[in-house]
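In: return atomic coordinates for the entry below.
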Amino acid sequence: MIAITIYSRPGCHLCEEMKAVVQRAVRLSGVSARIDEIDISMDPALEERYGVDIPVLLVEGRKTAKHRVTEAEVTRMLGARSTTSR
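Out: Residues are numbered from 1 along each chain as shown. Presented below is the predicted three-dimensional model:
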């Protein structure tokens, strides 16, 4: 299972867009993945670290994108991760 993390905050339109793109890419790819959404506004350390530089996408703990990502990019990342984890 591929671990995906999205750092975001409520009311962030880019965050909502990224969540939708990632969820759609995971669903269409058929890859087994867990998506964790982390609200940075609940953690002062994360708020200081990311501030307005969100959303941030991590795949298997590695930062892979921020602000915007396309479905094709997410699909490529998932494909690369699923072949290396076999």
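In: please count neighbours and contacts with C-alpha atoms only from this point.
Out: OK.
In: confidence score at Gly79?
Out: On the pLDDT scale, Gly79 is placed at 83.
In: residue boundaries of the strands in the chain?
Out: Under the criterion DSSP state E, the chain carries strands at the ranges 2-8, 33-39, 56-59, 62-66.
In: mind showing which ranges of this protein have poor pLDDT?
Out: Residue ranges of the chain with pLDDT under 70: 82-86.
In: buried set for stretch 46-54?
Out: Of the residues in stretch 46-54, Glu47, Ile54 count as buried by neighbour count, 16 or more other CA atoms under 10 Å.
In: quick one: contacts for Pro10?
Out: Asp39 (CA atoms under 8 Å, 6 or more residues apart in numbering).
In: related to what we said a few turns ago, want to throw the strands of the chain into a markdown table with distance to Ala45 and mean neighbour count?
Out: Output for the strands of the chain, formatted as a markdown table (distance: least, CA to CA, whole Å; neighbours: other CA atoms under 10 Å):
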| stretch | distance to Ala45 | mean neighbour count |
| --- | --- | --- |
| strand 2-8 | 12 | 21 |
| strand 33-39 | 12 | 15 |
| strand 56-59 | 15 | 21 |
| strand 62-66 | 17 | 15 |
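In: in JSON lines, list the ones you listed along with distance to Met77.
Out: Below are these laid out as JSON lines (distance: least, CA to CA, whole Å):
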{"stretch": "strand 2-8", "distance to Met77": "10"}
{"stretch": "strand 33-39", "distance to Met77": "12"}
{"stretch": "strand 56-59", "distance to Met77": "8"}
{"stretch": "strand 62-66", "distance to Met77": "8"}
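In: just give me the longest helix of this structure.
Out: helix 13-29 (DSSP state H).
In: now Lys54: how far from Ile4?
Out: That one is not Lys; residue 54 is Ile. Here Ile54 is placed at a distance of 15 Å from Ile4 (CA to CA, to the nearest Å).
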